[in-house]
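Trainee: I would like the atomic coordinates for the input below:
(one chain, ligands or ions: 2)
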Amino acid sequence: MDKQLDLTRLKGVGPKLREQLQRLNIHSLADLMFHLPFRYEDRSRIQMIGSLQHQQPAVIQGEVRSADVLFGKRRSLLVKIADHSGVLSIRFYHFNAAQKSQFRRGALVRCYGEARRGASGLELYHPEYQLLETSLDDLPEPQLTPVYPTTEGISQQRIRLLMEQALEWLAANNIPLDDLLPLDWLQQWGLPSLKQALLFLHRPPREVELAEMASGHHPAQRRLILEELLAHQLSMQRLRSKLQQQGAPAIQDTWTLHNALLEQLPFTPTRAQQRVTVDIVTDLSQPLPMLRLIQGDVGSGKTLVAALAACHVLEADFQVALMAPTEILAEQHFQNLSGWFEPLGIHCGWLAGKTKGKARVAALESIASGQARLIVGTHALFQDEVQFHRLGLVIVDEQHRFGVHQRLALKEKGNLGGLSPHQLIMTATPIPRTLAMSAYADLDTSIIDELPPGRTPITTVAVSDQRREEVIQRVDNACREQAQAYWVCTLIEESEALQCQAAENTAAELAEQLSHLRIGLVHGRMKTSEKAAIMAAFKAHELDLLVATTVIEVGVDVPNASLMVIENPERLGLAQLHQLRGRVGRGSLASHCVLLYKAPLSLTSKQRLQVMRESQDGFYIAEQDLMLRGPGEVLGTRQTGLQMLRVADLQRDAELLPQVREMATQLWQQHPERVEPLILRWLGDAERYAAV
Ligand code: ADP
Ligand code: MG
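Mentor: Ligands and ions are numbered 1, 2, ... in the order given. This is a model prediction of the structure:
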């Protein structure tokens with residue numbers, strides 16, 4: 001690392017803070033400069049208390065009239081503050097004695113917070129505040145106040161102070177913040193230089209409208225948005241072209257295995273499955289690596305398409321690897337696929353993270369020797385020690401769980417004398433077109449836009465948890481009529497431990513109330529073998545009710561299950577709800593989904609549950625989700641390289657994408673030496689990761 005850019009040059013940054021900053025992806029002073037505010041507050045004017053309105057953020061200033069500790073439902077400190085226009089209460093639920101004594105009668109206080117209607121008229125809850133010596137004491141802030149993304153242990157105030165120093169440093173130095181966009185582009189579009197743009201965005205003058213900043217249309221923002229989108233575009237183009245330079249085995253075969261597989265099946269492929277299979281076979285016949293994304297709604301039959309693709313590659317005597325994001329799903333694929341392929345003389349292998357000891361050694365050996373021809377597993381297949389004999393095709397199911405770049409890691413594993421394996425990516429999360437254009441700019445896309453015949457529609461209802469008893473009754477009724485049911489427990493906490501605990505509690509509660517039912521439990525902390533045993537028992541109808549965490553979200557296929565209860569659906573994304581719900585409606589029974597929510601619901605939550613009730617179309621649901629929540633959430637934070645978008649917002653800035661593509665072409669032609677630094681600047685880590 002360049003000494004000059006070391007973070008410890010800033011006052012107050014020691015090893016500990018440096019480590020915390022790294023969690024925000026800030027490794028140098030330059031990174032710090034690109035850590036941009038995600039919104040602004042206007043604290044430049046003091047507002048009269050008398051003119052405050054509900055839900056309005058504002059700075060107010062006044063004299064303390066009283067400060068009392070109240071013992072209501074929750075202990076709180078209530079301070080009354082007055083200016084000449086009125087009186088306002090500020091309330092603290094967390095406070096100490098020192099704080100209380102600060103607010104002595106007559107003291108002058110300035111607060112920043114959002115006014116809310118409370119028990120005693122308008123109140124500010126936990127405002128930021130400061131006690132002033134005189135009313136002339138440091139005037140309100142001369143700029144808009146930036147609000148930065150932050151993490152545990154680093155306060156907003158801390159980041160602002162660091163930024164203060166960093167900005168001074170930037171004002172005095174240029175290096176290494178070179179302008180990577182050609183000067184003539186900037187002039188042509190009336191955009192500021194990089195340095196001007198950064199200085200502006202960290203400290204916009206108070207004259208700038210908050211609304212303009214929120215719209216993302218200010219030239220300083222535009223300038224960075226374009227640069228960021230360009231960097232992503234370049235990165236994906238580069239990955240693709242690197243891959244395509246390698247070439248791939250052109251697969252020629254007689255469709256013998258393909259036809260043999262179809263003959264065994266109790267059904268025929270849908271037209272959509274056939275069409276997509278033809279797309280794939282055409283790609284496979286080329287001497288270039290296929291990079292194809294298959295989008296198909298839950299239950300559209302992606303597994304069959306994957307199996308048919310595998311047939312061609314297997315017949316040409318290459319291995320096929322299929323990777324799934326969870327063990328349950330991988331296990332299920334293994335069951336299905338070995339059921340289809342073993343009778344045809346194709347040996348299937350299995351490798352998961354939990355495959356240990358002798359089993360692991362044996363698995364690795366049969367993969368390396370080529371004895372295992374179709375290998376199913378989890379991301380364990382990525383590991384260094386896994387060496388394939390002749391890997392011709394990699395299939396990744398439910399791609400959105402893996403990083404956009406991560407899947408490319410398998411490309412080195414082919415052992416094909418410089419050739420790359422083909423890649424097929426399958427996802428049930430429908431990706432709205434604008435997002436697909438940038439998130440998957442490096443992929444060709446096919447869509448399975450038809451469900452197999454004979455599916456029954458799912459009736460979805462939203463029920464408040466005050467009616468939990470009725471819902472339990474309903475589960476009972478369904479099971480008595482020989483149907484099976486899922487009860488899905490969710491928790492807002494990221495903690496898997498808590499999730500599993502919740503599921504255990506619910507299972508115990510249901511077992512007590514429905515003691516005549518056979519109830520099983522699966523969650524992420526159980527051993528693979530335990531999970532597999534429970535799933536198998538449920539599939540065989542040895543269990544009536546399966547209580548589960550969201551581990552069953554993808555791929556689980558039990559046609560006799562026709563009722564699903566989802567607890568706290570308001571905490572899940574619509575795409576995830578749609579996935580979960582897709583576990584029912586797979587057989588001939590009329591199916592139902594009960595969204596058992598915690599009342600009261602916010603307006604957005606209501607709208608979102610409404611979308612689930614009115615539609616079963618994954619694409620429609622995804623579009624609605626995008627409208628209600630924005631793209632970051634739709635794709636999830638860990639899901640794609642887009643998580644790293646710092647200034648751009650794909651939905652808001654979608655109109656820029658054609659221009660960005662044009663810019664990318666021009667930059668390759670006119671300034672190829674700038675491609676690398678641009679990618680490093682915006683995607684540093686992800687790219688390093690992708691290079692594994
Ligand atoms: P998904 O696209 O969600 O992965 P699956 O591949 O798990 O869907 O298929 C869901 C169910 O539909 C499976 O039981 C599968 O055997 C069945 N299926 C797939 N294709 C057809 C078809 N053409 N006709 C009838 N059933 C099919
Ligand atoms: Mg599937």
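
Trainee: could you use CA atoms for every contact and neighbour count after this?
Mentor: OK.

Trainee: pull up the pairing partners for the helix or strand containing residue 565, direction included.
Mentor: Element membership of residue 565 [criterion: DSSP states H and E] is strand 561-567. With DSSP bridges as the criterion, the sheet partners recorded for strand 561-567 are strand 484-488 (parallel), strand 591-597 (parallel).

Trainee: got JSON lines for these, with mean pLDDT, distance to residue 446 and mean neighbour count too?
Mentor: What follows is the strands paired with strand 561-567, written out as JSON lines (pLDDT from 0 to 100; distance: least, CA to CA, whole Å; neighbours: other CA atoms under 10 Å):
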{"stretch": "strand 484-488", "mean pLDDT": "96", "distance to residue 446": "31", "mean neighbour count": "26"}
{"stretch": "strand 591-597", "mean pLDDT": "96", "distance to residue 446": "29", "mean neighbour count": "23"}
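
Trainee: now those strands as JSON lines including distance to residue 327?
Mentor: Formatted as JSON lines, the strands paired with strand 561-567 follow (distance: least, CA to CA, whole Å):
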{"stretch": "strand 484-488", "distance to residue 327": "18"}
{"stretch": "strand 591-597", "distance to residue 327": "25"}
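
Trainee: isn't residue 624 right next to residue 612, touching?
Mentor: No. At 9.9 Å, residue 624 does not count as touching residue 612 under the criterion of CA atoms under 8 Å.

Trainee: so residue 322: helix, strand or coil?
Mentor: Secondary structure, DSSP: H, G, I helix; E, B strand; the rest coil: residue 322 is strand.

Trainee: what residues are up against it?
Mentor: The contact partners of residue 322, taken as CA atoms under 8 Å, 6 or more residues apart in numbering, are 374, 375, 376, 377, 394, 395, 396, 397.

Trainee: what's the first helix or strand after the strand holding residue 565?
Mentor: helix 574-581.

Trainee: on that earlier part again, relative to ligand 1, which of the strands paired with strand 561-567 is closest?
Mentor: Closest approach to ligand 1 among these (CA to the nearest ligand atom): strand 591-597, 15.0 Å.

Trainee: what element comes up after that closest one heading to the C-terminus?
Mentor: Using DSSP H and E, the helix or strand that follows strand 591-597 towards the C-terminus is helix 603-614.

Trainee: picking that back up, more crowded one of residue 624 and residue 612?
Mentor: Residue environment comparison for residue 624 versus residue 612 gives the larger neighbour count to residue 612, 25 against 19, counting by other CA atoms under 10 Å.

Trainee: what distance do you get for the more buried one to residue 446?
Mentor: With the distance defined as CA to CA, to the nearest Å, residue 612 ends up 25 Å from residue 446.

Trainee: returning to what we had before: just send the strands paired with strand 561-567 back as JSON lines, with distance to ligand 1 too.
Mentor: As requested, the strands paired with strand 561-567 are exported to JSON lines (distance: least, CA to the nearest ligand atom, whole Å):
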{"stretch": "strand 484-488", "distance to ligand 1": "16"}
{"stretch": "strand 591-597", "distance to ligand 1": "15"}
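
Trainee: tell me which of those lies nearest to residue 326.
Mentor: strand 484-488 (16.8 Å; CA to CA).

Trainee: list the buried ones in the helix or strand just after that closest one?
Mentor: Following the chain from strand 484-488 toward its C-terminal end, the next helix or strand by DSSP H and E is helix 496-513. Taking 16 or more other CA atoms under 10 Å as the neighbour-count basis, helix 496-513 is seen to contain the buried residues 499, 500, 502, 503, 504, 506, 507, 508, 510, 511.

Trainee: got it, and stretch 514-526?
Mentor: 514, 517, 519, 520, 521, 522, 523, 524.

Trainee: which two of these have the greatest separation?
Mentor: Every pair in the buried residues of stretch 514-526 was compared (CA to CA); the two farthest apart turn out to be 514 and 524, at 24.1 Å.

Trainee: hang on, the earlier thing: in strands only, show me the contacts of residue 322.
Mentor: Helix and strand membership here follows DSSP state E; of these, those in strands are 374, 375, 376, 377, 394, 395, 396, 397.

Trainee: who's in contact with the first one?
Mentor: The one in question is residue 374. With contact taken as CA under 8 Å, 6+ apart, residue 374 is in contact with 314, 319, 320, 321, 322, 346, 347, 348, 349.

Trainee: cool, the fourth one as well?
Mentor: Residue 377 makes contacts with 321, 322, 323, 324, 327, 330, 331, 334, 350, 351, 352, as judged by CA under 8 Å, 6+ apart.

Trainee: and if we set it to 6 Å?
Mentor: With contacts taken as CA atoms under 6 Å, 6 or more residues apart in numbering, residue 377 has the following neighbours: 323, 330, 350, 351, 352.

Trainee: just list whatever residues bridge to the first one.
Mentor: In this structure, residue 323 bridges to residue 377, residue 396 when assessed by DSSP bridges.

Trainee: does it touch residue 398 like I think?
Mentor: No. Distance between residue 323 and residue 398: 9.0 Å, which falls outside the contact criterion (CA atoms under 6 Å).

Trainee: on that earlier part again, for the contacts of residue 377, which single residue is the most surrounded?
Mentor: For the contacts of residue 377, counting by other CA under 10 Å, the largest number of neighbours falls to residue 323: 28 neighbours.

Trainee: list the contacts for that residue?
Mentor: Contacts were defined as CA under 6 Å, 6+ apart; by that measure residue 323 touches 376, 377, 378, 396.

Trainee: tell me which of those is nearest to ligand 1?
Mentor: For these, the minimum distance to ligand 1 (CA to the nearest ligand atom) is 11.6 Å, reached by residue 396.

Trainee: so that closest one touches residue 428, yeah?
Mentor: No. With contacts defined as CA under 6 Å, residue 396 does not count as touching residue 428, sitting 11.8 Å away.

Trainee: next SSE downstream of the helix or strand hosting residue 164?
Mentor: When secondary structure is defined by DSSP H and E, residue 164 falls within helix 156-172. With elements assigned by DSSP H and E, the helix or strand that comes after helix 156-172 is helix 183-189.

Trainee: what does the chain put close to ligand 1?
Mentor: Neighbours of ligand 1 within the chain, by CA under 6 Å from any ligand atom: 267-270, 296, 298-304, 452, 555.

Trainee: thanks a lot, catch you later.
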